[in-house]
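Participant: Can you look at this prediction? I've put the sequence above it.
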Amino acid sequence: SLPVPYRLTVLGTGYLGATHAACMADLGFEVLGLDVDAAKIERLKAGELPIHEPGLEEVLRRNLASGRLRFTTSYEEAAAFGDVHFVCVGTPQKKGEYAADVSYLDAVVESLAPHLDRECLVVGKSTVPVGTAQRLADKLVRLAPAGSQVELAWNPEFLREGFAVHDTLHPDRIVLGVASERAEKVMRDVYEPLGEVPIVVTDYATSELVKTAANAFLATKISFINAMAEVCEASHADVKQLSLALSFDERIGGKFLNAGLGFGGGCLPKDIRAFMARAGELGADQALTFLREVDAINMRRRARMVDLARELAGGSFHGCTVCVLGAAFKPNSDDIRDSPALDVAVTIGRQGGRVTVYDPVALDNARRAHPELAYGESALDAARGANVVLMLTEWPEFVTLDPEELGSVVETRKIVDGRNALDPMSWRAAAWTYRALGRP
Ligand code: UGA
């Protein structure tokens, strides 16, 4: 059996990996983080996070200082060091198709396995098409000199960006897909410092599916309320009050029931698409045709936002200045992957509008990805001279904007609240034309 306390490696230092490495070190483990991106490793060694994640940099720095957390680019070193290897690489959507690209996972296994010459556990945390774990388990045993001494476990991660440290240290549940009691015991030991957390022990396939099902459910819940918003728009009803009234039914609950511009980010959109693609391969595509609708409802919200903005602009964006508040896919993040806000900004730009974007932390990422747009240094700066203001990511500093102050810099007082986060009364009281999605 493995020497206690286990030494951990974390392979891949993106969102998930950087958080997992720092938090496991914080729990008292010796942790070695690995990435093939040498520049990223240099930054992490210096205590600098490549991403914006509240509270994570402190955890990173104090564990670098304690010596429990180190970083490397060497698989040989990682293999020699680790008893438990966490695989935390991304599985993005393939270009031009729905399926997930799992090649980074295969690359990790192919780089690590040839160095594994003693007993160890490799633990997959990435979100994958069901069936991936079994395939990787076979590959590991085939490529590792230690053969069946090397085992795989699957342990999906449910953290939210913006709350990554909290979610890692206080998970709702832990799901363990294991093929042996030995692997289960190691995993239970690893998470023992987290205290009382419900643990579901299951097979590989079920553990992979739990993650995909959870994200599909969340996406469905958001699209459900956005579908209600469409009906509200057609019937002059108010989706915000509808959602509030639904939320008091505990079976429904109010979380993920905010109507607005819909979901984006690196997870929900690509996960439901990859899920449909995988179900198709398995001959179960009929079971998930509703996710096509979930996706379509979500994308229609972006089109509706562009239409509303154009309507406020007087029927055309030509000669019109549009201020977009928000570039990140959600607040407390600098992540612009599949950001609904940026998608809307780019579309309006293509339709002839002069678009100026502002975001408290995602500005640099947005600038790099969309140099064709203009950027402001603050909300007021971006709104100067605007004919229409679109609030598309509900950062606290946008929610607390003073309608009078913003009104003093714009050309015309017209705003669309893309997240149903502003108080319509106070904006209308300040003589703004206030419009929102799903509200009269
Ligand atoms: C999501 C899941 O919530 C996590 O549990 C999961 O671990 C993660 O994906 C992942 O697979 O790694 P995340 O992408 O960080 O987390 O973002 P969410 O908080 O889920 O928000 C997703 C999108 O939905 C955002 O664009 C947000 O603005 C939108 N949203 C959320 C709504 O439009 N309405 C809501 O009521 C809630």
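Facilitator: Done, it's in. Numbering: from 1, shown residues only.
Participant: low-confidence ranges in the stretch 251-400 of the chain?
Facilitator: Low-confidence segments of the stretch 251-400 of the chain, defined by pLDDT under 70, are absent.
Participant: So for stretch 194-209, first residue to last residue, what's the gap.
Facilitator: Stretch 194-209 has its terminal residues 24 Å apart, counting by Cα to Cα, to the nearest Å.
Participant: For the ligand, what is the nearest residue in the stretch 1-150 of the chain?
Facilitator: residue 127 (5.5 Å; Cβ to the nearest ligand atom). The way it works is simple: take the backbone N, C-alpha and C, and place the C-beta from them, glycine included.
Participant: can you count the residues close to that residue?
Facilitator: Residues lying near residue 127 (other Cβ atoms under 10 Å) number 25.
Participant: for residue 409, same thing?
Facilitator: With neighbours defined by other Cβ under 10 Å, the count for residue 409 comes to 16.
Participant: Look up the closest residue to it, ignoring the ones flanking it.
Facilitator: residue 384 (4.8 Å; Cβ to Cβ, 6 or more residues apart in numbering).
Participant: now residue 275
Facilitator: Nearest residue to residue 275 in three dimensions, chain neighbours excluded: residue 212, at 4.9 Å (Cβ to Cβ, 6+ apart).
Participant: Which positions in this structure make contact with the ligand?
Facilitator: Taking Cβ under 6 Å from any ligand atom as the criterion, the chain approaches the ligand at residues 127, 157-161, 215, 218, 222, 256-258, 260, 262-265, 267-268, 329-330.
Participant: among those residues, which ones are buried?
Facilitator: Among the residues of the chain next to the ligand, those buried by neighbour count (16 or more other Cβ atoms under 10 Å) are 127, 157-159, 161, 215, 218, 222, 257-258, 260, 262-265, 267-268, 329-330.
Participant: from those, which ones fall inside helices?
Facilitator: Counted as lying in helices by DSSP state H, out of those, are 215, 218, 222, 268.
Participant: Out of the residues you listed, which comes closest to residue 313?
Facilitator: Minimum separation from residue 313 among those (Cβ to Cβ) is found for residue 222, which lies at 27.3 Å.
Participant: Report the contact partners of residue 64.
Facilitator: With contacts defined as Cβ atoms under 8 Å, 6 or more residues apart in numbering, the neighbours of residue 64 are 45, 47, 70.
Participant: Could you report the distance from whichever residue of the stretch 51-200 of the chain sits closest to the ligand to residue 334?
Facilitator: Of all residues in the stretch 51-200 of the chain, residue 161 sits closest to the ligand, at 3.5 Å by Cβ to the nearest ligand atom. In this structure, residue 161 and residue 334 are separated by 9 Å, where distance is defined by Cβ to Cβ, to the nearest Å.
Participant: Repeat that for residue 25.
Facilitator: The span separating residue 25 from residue 334 equals 23 Å under the rule Cβ to Cβ.
Participant: These two: which is more packed in?
Facilitator: residue 25 (25 against 20).
Participant: That one sits in which helix or strand?
Facilitator: Per DSSP states H and E: residue 25 is located in helix 15-26.
Participant: now do residue 176
Facilitator: Secondary structure assigned from DSSP H and E places residue 176 in strand 174-177.
Participant: How is this structure divided into domains?
Facilitator: With automatic domain parsing serving as the domain definition, the record reports that the chain contains domains spanning 7-202, 204-440.
Participant: Start and end of the shortest one, how far apart?
Facilitator: The distance separating the two terminal residues of domain 7-202, taken as Cα to Cα, comes to 24 Å.
Participant: And for stretch 264-283, what's in contact with it?
Facilitator: Residues from elsewhere that reach stretch 264-283, judged by Cβ under 8 Å, 6+ apart: 15, 90-93, 97-100, 127, 129-131, 161, 212, 215-216, 218-219, 222, 263, 285, 287-288, 291-292, 294-295, 298, 329-330, 333, 335, 337-341, 343.
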